[in-house]
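Asker: here is my input, please return the structure:
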Amino acid sequence: MGTTNIVLCGLGGQGILFMTKVLAQVALDKGLNIMCAETHGMAQRGGSVVSHLRIGQVESSLVRTGTAHFLLALDETEAYRNLPFLSEGAGMYVSTPAKGFPRQETIGFLEKNKIVCYAMPAAATALELGAPLSANLALLGYFSAFGEGPVSKEELRGTLSNITPDHVRESNLKVFDTGLERGLAEKGE
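Answerer: Residues are numbered from 1 along each chain as shown. Here you go, the predicted model:
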């Protein structure tokens, strides 16, 4: 297996680090090597949070510009800020309403680099389900529906179930499953 580079981004308090933890734990459970790096800026005040996850044969924890296979963003503006990390043909999964996404001024870059964009209103989905702090799990479920990367939707769900505290497990899985169902519906499954 080669290397899979994932950049996760958003704002402080959105659960970027938990999303990274779930993806990393799945990879570890499969016996894959991982390296992670996080930047927090003014995260406690709602500032940028970026997490780099490298799975496979890696020697450093940072994803270099132009080498990320996937970008998972819980904030649309943060997604645009982290576009330079994406490699040609990468997938970008963003928590935002699909209307008006992606922004007109980014379309040239996205088309030139054959970046495929996916959007779902993860925050609104989590809020509707009574779990407003779980937008990260809606986006993770949505991402898992497309079967990209070295981990499957079943593995992600299983790990999420295993590492989630009992008192929020049912709610977390419901949000994940709702994101997964939305992604599967978009794929036509």
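Asker: show me where this protein has its helices.
Answerer: Secondary structure of the chain by DSSP state H: the helices cover 16-29, 76-81, 107-112, 122-128, 135-144, 153-163, 166-187.
Asker: for residue 53, find the nearest of the ones you listed.
Answerer: Minimum separation from residue 53 across these (CB to CB) falls at helix 16-29, 5.5 Å. C-beta: built from backbone N, CA, C; applies to glycine.
Asker: how about the contacts made by the spatially closest residue to residue 74 that is not a sequence neighbour?
Answerer: Spatial nearest neighbour of residue 74, chain neighbours left out: residue 10 (3.2 Å); criterion: CB to CB, 6 or more residues apart in numbering. By CB atoms under 8 Å, 6 or more residues apart in numbering, the contact list for residue 10 reads 16, 48-49, 73-75, 78, 95, 136.
Asker: same thing with residue 168?
Answerer: Residues counted as contacts of residue 168 (CB under 8 Å, 6+ apart): none.
Asker: now do stretch 111-131: distance from first to last residue.
Answerer: End-to-end distance of stretch 111-131 (CA to CA, to the nearest Å): 35 Å.
Asker: other residues contacting it?
Answerer: The set of residues external to stretch 111-131 that reach it, using CB under 8 Å, 6+ apart, is 74, 83, 86-98, 101-102, 109-110, 132-139, 142-143, 146, 171-172, 174-175, 178-179, 182-183, 186.
Asker: repeat that for stretch 137-147.
Answerer: If you take CB under 8 Å, 6+ apart as the criterion, stretch 137-147 is touched by 15, 19, 22-23, 70, 72, 74, 91, 93, 95, 118, 120, 122-123, 125-126, 131, 151-153, 156-157, 160, 172, 175-184, 186-187, 189.
Asker: sheet-wise, list the partners of the worst-scoring helix or strand of the chain on mean pLDDT with their directions.
Answerer: Sorting the helices and strands of the chain by mean pLDDT, DSSP states H and E puts strand 34-39 at the bottom, at a mean of 90. In the sheet, strand 34-39 lines up against strand 48-55 (antiparallel) (DSSP bridges).
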